[in-house]
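Peer 1: Generate a structure from the sequence data that follows.
(2 chains)
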Amino acid sequence: MEHVIDVKGLSKSFGSVQAVNDLSFSVGKGEIFGIIGPNGAGKTTTLEMLEGILKPDKGTIDVLGLDPSRQLRKLNHHIGVQFQATSIQKKMKVKEALDLFSSFYKQATQKEHLIEILGLREKLNVAFEDLSGGWKQRVTLALATLHKPEILFLDEPSMGLDPHARREMWSMIRLMREQGCTIVITTHYMEEAEKLCDRVAMIYSGQLKALNTPPELLNEMKAHYLAFESSGLEYDYLITIPGVVRVEQEGEVFKVFSEDQQITGYHIFSYCHEKGIPLHNFKFEKGSLDDLFVHYLEKEQTG
Amino acid sequence: MTSIMRLASIETKMFFRDRLSVFWTFLFPVAMIWLFGSMFVGNEMNGLSFAQMFVPSWIGVNIVTTSFFTLGTVLTGYRETGVLRRYQSTPLQSWKILAAHTLQGTVIFFISALLLMVFGMWMYDLTLPAYIGSTLIALLVSIAAFFPFALFLTSLAKNTQSAAAISSLFLNLMLFLSGATFPLEIMPTVLQYVAKILPLYYVIIMLRGTWSEAPISAYGLEVGILLGIAAVSIILATRFFRWSGK
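Peer 2: Numbering: from 1, shown residues only, chains lettered A, B, ... in the order given. Coordinates of the predicted model:
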């Protein structure tokens, strides 16, 4: 696959805080590439270095054959950026914003096309401050894609959106990809990463913890667990069973995360059989990226 | 060029959508002239009538308010809320942003100046400037000095509140110590020296002068000082332009 972004050994610190630490990855043309991590993991810092508005301390970045922080103006003709929680002028109307941002580019823009596919026509004369969160995101997405960028950077695009608006945002992002755009997106919603992204980079404390397609990440077993209800079992016993990495308990409902579900299951069954403890609703679960993420976080804290 | 014109025209439209800034920029100075008029009209000062003294000075004060509030504080707000950051990822260069806002400020200032002049002519028998071309040059020189000066100073502020504080400080200082509102002659000598380090002092001399006494050529020193301030400020404002507060 042809790479549009190549990052090697990227590091950045702010004072004594190491925001990004020796990060390396590549993004292929036409991918939806997700960067996920908790708040403060270094997602936005990484993105801003790719966009060229932050200079890395160490490492190399190649975006479309350019060095972002040195060739920012040239790069800006080819990339689109939707920032996290930034605003445009409150009293600016949607139509004015589209016209203004169109005037920044020499090439013809796809303004009319975007008005059509994003359904902006009914809002053209509405001031930005009077739009709901979902509409604001549509407008800023339109502003970021007016010039048909080759790469679109989206920083937490669905933050603060209700579930319906979030799904609409996803379908718009997919639409952009169908038009040939490569998309780099940060999020802390694991569901979003699972449903939207082709590949996901998990970062925590500025370091890359895992990088793969969502199904492959989940197949790494670390997120698999056994779920059941029981009144006679205790945390202290369950954690000692072979293969168990982590146990979550809420009342009588247990989640036992295991590297080997079969062995762990066997031990639980035989223990309960001997002691005559009843088990209910026993299930083999695949786990979600959310579970995988918690797994990495806890490993980080205990290690 | 099209992006500068586009940005300037949209910013001008947005200015008029904000009732509060329209009031402070256009009506407040007229109200002040009217207020001072009710106190001082009929008194001649240095051979000038009330309107000849005060209308040019309030036009000068309006250059200060436009530069610090309409331009500087607004741009600081844009820096704070990420408006400028969004521009940063487009091909728009920083000098074009400054140029567009300068253009917008100039348009708004000239409207306010015209309003003050018409009010003065209607209420207090003010005449058109005696050297109208000179007055225009004086205004442009003053704008060239003040706009970038204010844009640079307010860009040092972290947020809108501190930008407004910086702006109010400069405005009040100049309002009272530049001779715009109170005659300097009645002030202690020390304050008269302080006045001379405030750029508005030179603006007022030029504006009053070209309005009633002599063409711009008589004010070489004032023009020179203001152009010097302009050159330094333009360099500082463009060199140290910041896209975001971080």
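Peer 1: hey, where'd the helices end up in chain A?
Peer 2: With helices called from DSSP state H, chain A shows them at A:43-50, A:72-76, A:94-102, A:111-117, A:133-145, A:163-178, A:190-196, A:214-219, A:235-238, A:261-275, A:289-302.
Peer 1: What is the third one packed up against?
Peer 2: Taking 3 or more Cβ pairs under 8 Å, 6 or more residues apart in numbering or on different chains; DSSP states H and E as contact, the helices and strands that helix A:94-102 lies on are helix A:111-117, helix A:133-145, helix B:2-17. Bear in mind the C-beta positions are built from the backbone N, C-alpha and C, glycine included.
Peer 1: for the one residue in chain B that gets nearest to chain A, phi and psi?
Peer 2: Here the residue of chain B nearest chain A is B:G82; by Cβ to the nearest Cβ that distance is 2.6 Å. Dihedral pair for B:G82: phi 90, psi 10, per degrees, to the nearest 10.
Peer 1: And for B:I111?
Peer 2: phi -60, psi -40.
Peer 1: nearest residue to it other than its sequence neighbours?
Peer 2: B:F26 (7.2 Å; Cβ to Cβ, 6 or more residues apart in numbering or on different chains).
Peer 1: For burial, what's the neighbour tally of A:K286?
Peer 2: Look at A:K286: counted by other Cβ atoms under 10 Å in any protein chain shown, it has 13 neighbours.
Peer 1: what residues are up against it?
Peer 2: A:218, A:223-224 (Cβ atoms under 8 Å, 6 or more residues apart in numbering or on different chains).
Peer 1: for A:K8, what are its contacts?
Peer 2: Taking Cβ under 8 Å, 6+ apart, one finds A:24, A:59-61 in contact with A:K8.
Peer 1: Name the nearest of those relative to chain B.
Peer 2: A:I61 (15.3 Å).
Peer 1: quick one: the closest one from A:I173, how far?
Peer 2: Per Cβ to Cβ, to the nearest Å, A:I61 is found 23 Å from A:I173.
Peer 1: Can you give me the buried ones in the helix or strand B:I108 falls within?
Peer 2: Using DSSP states H and E, B:I108 falls within helix B:94-124. Neighbour-count burial for helix B:94-124 flags B:94, B:96-110, B:112-113, B:115-117, B:119-120, B:124 (criterion: 16 or more other Cβ atoms under 10 Å in any protein chain shown).
Peer 1: ditto for stretch A:112-120
Peer 2: Quick answer for stretch A:112-120 (16+ other Cβ under 10 Å): A:114-115, A:118, A:120.
Peer 1: for stretch A:7-27, same thing?
Peer 2: Buried residues in stretch A:7-27 (16+ other Cβ under 10 Å): A:7, A:10-12, A:18-21, A:23, A:25-27.
Peer 1: follow-up on the earlier one: make JSON lines out of the helices of chain A and add mean pLDDT and distance to B:P215.
Peer 2: Listed next are these as JSON lines, based on pLDDT from 0 to 100; distance: least, Cβ to Cβ, whole Å:
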{"stretch": "helix A:43-50", "mean pLDDT": "93", "distance to B:P215": "54"}
{"stretch": "helix A:72-76", "mean pLDDT": "93", "distance to B:P215": "45"}
{"stretch": "helix A:94-102", "mean pLDDT": "95", "distance to B:P215": "41"}
{"stretch": "helix A:111-117", "mean pLDDT": "91", "distance to B:P215": "50"}
{"stretch": "helix A:133-145", "mean pLDDT": "91", "distance to B:P215": "49"}
{"stretch": "helix A:163-178", "mean pLDDT": "89", "distance to B:P215": "61"}
{"stretch": "helix A:190-196", "mean pLDDT": "87", "distance to B:P215": "69"}
{"stretch": "helix A:214-219", "mean pLDDT": "82", "distance to B:P215": "77"}
{"stretch": "helix A:235-238", "mean pLDDT": "88", "distance to B:P215": "93"}
{"stretch": "helix A:261-275", "mean pLDDT": "90", "distance to B:P215": "94"}
{"stretch": "helix A:289-302", "mean pLDDT": "73", "distance to B:P215": "75"}
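Peer 1: do you know which of those lies nearest B:T70?
Peer 2: helix A:94-102 (18.5 Å; Cβ to Cβ).
Peer 1: Tell me the buried residues in the closest one?
Peer 2: A:94-98, A:100-102.
Peer 1: just stretch B:23-30 next, same as before
Peer 2: Result for stretch B:23-30 [16+ other Cβ under 10 Å]: buried residues B:25-26, B:29-30.
Peer 1: Throw these into CSV and include secondary structure, thanks.
Peer 2: Formatted as CSV, those follow (DSSP: H, G, I helix; E, B strand; the rest coil):
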residue, secondary structure
B:T25, helix
B:F26, helix
B:P29, helix
B:V30, helix
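Peer 1: What is the nearest of those to B:A214?
Peer 2: Nearest member of the buried residues of stretch B:23-30 to B:A214, counting by Cβ to Cβ, is B:P29, at 25.2 Å.
Peer 1: Do I have it right that that closest one meets B:N62?
Peer 2: Yes: counting by Cβ atoms under 8 Å, B:P29 touches B:N62, with 5.7 Å between them.
Peer 1: what sits in contact with each of those two?
Peer 2: By Cβ under 8 Å, 6+ apart, B:P29 and B:N62 have these common neighbours: B:112, B:116.
Peer 1: End to end on stretch B:170-190, go ahead and measure it.
Peer 2: Across stretch B:170-190, the terminal residues are separated by 18 Å (Cα to Cα, to the nearest Å).
Peer 1: Distance of A:I115 relative to B:L136?
Peer 2: Per Cβ to Cβ, A:I115 is found 43 Å from B:L136.
Peer 1: My error: substitute A:I241 in the last question.
Peer 2: Counting by Cβ to Cβ, the separation of A:I241 from B:L136 is 89 Å.
Peer 1: These two - which one has more neighbours?
Peer 2: The neighbour count for A:I241 versus B:L136, taken as other Cβ under 10 Å, is higher for A:I241 (18 against 14).
Peer 1: wait, what's in contact with the more buried one?
Peer 2: A:I241 makes contacts with A:256, A:258, A:264, A:267-268, as judged by Cβ under 8 Å, 6+ apart.
Peer 1: can you list the residues of chain B near chain A?
Peer 2: Counting by Cβ under 8 Å from any Cβ of the partner chain, chain B comes close to chain A at B:2-3, B:6-7, B:10-11, B:13-14, B:17-18, B:78, B:81-83, B:85-93, B:243.
Peer 1: Show me the shaky parts of chain B.
Peer 2: B:1, B:246 (pLDDT under 70).
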